[in-house]
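Engineer: Have a look at this prediction, sequence included:
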Amino acid sequence: MTSFLSLRAIAKQLMAPGKGLLAVDDFPAGIEKRFAAVGVVATPQTRRDYREMLFSTLGFADSVSGVILYDETFWNAKFPAVLKGIKLDMGQKPLALSDGELISEGLDGLAQRIAGYKAAGASFAKWRAVLKVSAVLPSRNAISANTHALARYAAICQQMGLLPIVEPDILMDGDHTIERCAEVTRIVLDELFEQLELAGVDLAATVLKPNMITAGSKTKSESQRVADLTTQVLINHVPTGIGGIAFLSGGQTEIEATENLNLIAKKIHATFSFNRALQDTALKTWAGRPENIEAAQQAFAHRLKMNALAAQGQWSLNLEQA
Ligand code: 13P
């Protein structure tokens, strides 16, 4: 039987007060779109330049406990002294016989892949499941298939000595209400924790990466309402023994994500595991030009600091302008 003690210690390190996670694990196709939006052609070199610019930002390790990487960056970037994580799902594919729903793939051969990453210094991993919301979605089939895959992935990670981050990402896309998001999140979390238990996963050696509870992206959600519903749902639907909670940003603006995290962190211990809400301004500022690196790093350092404060409930809007 695997000992979970060292994995529980990694959960504690990831959740260290005033620190959070940086997700830079976009698939090449995903980063290509984001680069194109700021006029940069995505090549192995530009992807590496961009990521190394983020990693070498002054004060990086003061606010970041761990970084989630895609395979390419895992092997080729100069890396700061923080915990190293690897995205293990191989992306979302159509779920057969469904109404456009998705299933994350990557379970085949997973143990062998993990062995390579572990030998090269990975401490933790991430698997993202994606669930679409409408009046009738997600279907029971999509919830069941995706939470089952998350649980199988988490069990394989723990057996192989990596801490699993489980990410059931309930998408903001659409025009659903905040109450609908809360309802779906409750159902998905209940099913996820049932599957994790069935699979024998040690929760204290697992970090949950949930969405905040918001309305669909066509509607602006009021921060206090987001925080109240998010904390209510998490308190009631996440077992207290979980190793940590680190939110995705999901398409919220940088300030929205920070403001919401700040209010949530006043009530529960939680931190950030953002991609877009940490990088949007830094990426735009950089725009692929060496002469912009300093300004982009300053913007990134600022976002990190703001979110590190928010993770302790110590952020306020005045600090954004300071
Ligand atoms: P966002 O913060 O941009 O939602 O990304 C988080 C993430 O890692 C998605 O898998």
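Structural biologist: Ah, there it is. Quick caveat: nothing in here was measured; it's all calculated off a predicted structure.
Engineer: how about stretch 254-271: buried residues?
Structural biologist: Of the residues in stretch 254-271, 254, 256-265, 270-271 count as buried by neighbour count, 16 or more other CB atoms under 10 Å. Just so you know, the C-beta spots here come from the backbone N, C-alpha and C atoms, and that holds for glycine as well.
Engineer: Please apply the same query to stretch 312-322.
Structural biologist: Of all the residues in stretch 312-322, those buried under the rule 16+ other CB under 10 Å are 312, 315.
Engineer: pLDDT averaged over it, what's the number?
Structural biologist: Average pLDDT, stretch 312-322: 94.
Engineer: One more: stretch 139-156?
Structural biologist: 98.
Engineer: Contacts for it next, please.
Structural biologist: Residues from elsewhere that reach stretch 139-156, judged by CB atoms under 8 Å, 6 or more residues apart in numbering: 88-89, 95, 97-99, 101-104, 106-107, 110-111, 114, 125, 127, 129-132, 164, 166-168, 187-188, 191-192, 194-196, 198-201, 206.
Engineer: if we go to 6 Å?
Structural biologist: By CB atoms under 6 Å, 6 or more residues apart in numbering, the surrounding residues in contact with stretch 139-156 are 95, 101, 103-104, 107, 110-111, 127, 129, 164, 166, 188, 191-192, 195-196, 199, 201, 206.
Engineer: just stretch 11-29 next, same as before
Structural biologist: By CB under 6 Å, 6+ apart, the surrounding residues in contact with stretch 11-29 are 51, 63-70, 87, 163, 207, 243-244, 246, 271-273, 275, 278, 307-308, 311-312.
Engineer: Could you tell me how far it lies from the centre of the chain?
Structural biologist: On the basis of CA atoms, centre = their mean, to the nearest Å, stretch 11-29 sits 7 Å off its chain's mean C-alpha point.
Engineer: check whether it contacts the ligand.
Structural biologist: Yes - judged by CB under 6 Å from any ligand atom, stretch 11-29 comes into contact with the ligand through A23.
Engineer: residues of that stretch that come out buried?
Structural biologist: So stretch 11-29, judged by 16+ other CB under 10 Å, has buried residues 11, 13-15, 18-26.
Engineer: Compute the first-to-last residue distance for it.
Structural biologist: Terminal residues of stretch 11-29 are spaced 30 Å apart (CA to CA, to the nearest Å).
Engineer: For the stretch 51-200 of the chain, what lies in contact range of the ligand?
Structural biologist: By CB under 6 Å from any ligand atom, the residues of the stretch 51-200 of the chain that approach the ligand are 128, 167.
Engineer: where exactly do the helices run in the stretch 51-200 of the chain?
Structural biologist: 60-63, 71-76, 110-119, 140-160, 178-198 (DSSP state H, counting those that start in this stretch).
Engineer: do the same with the stretch 201-322 of the chain
Structural biologist: Under DSSP H, counting those that start in this stretch, the stretch 201-322 of the chain gives helices at 223-237, 254-265, 276-286, 293-310, 317-321.
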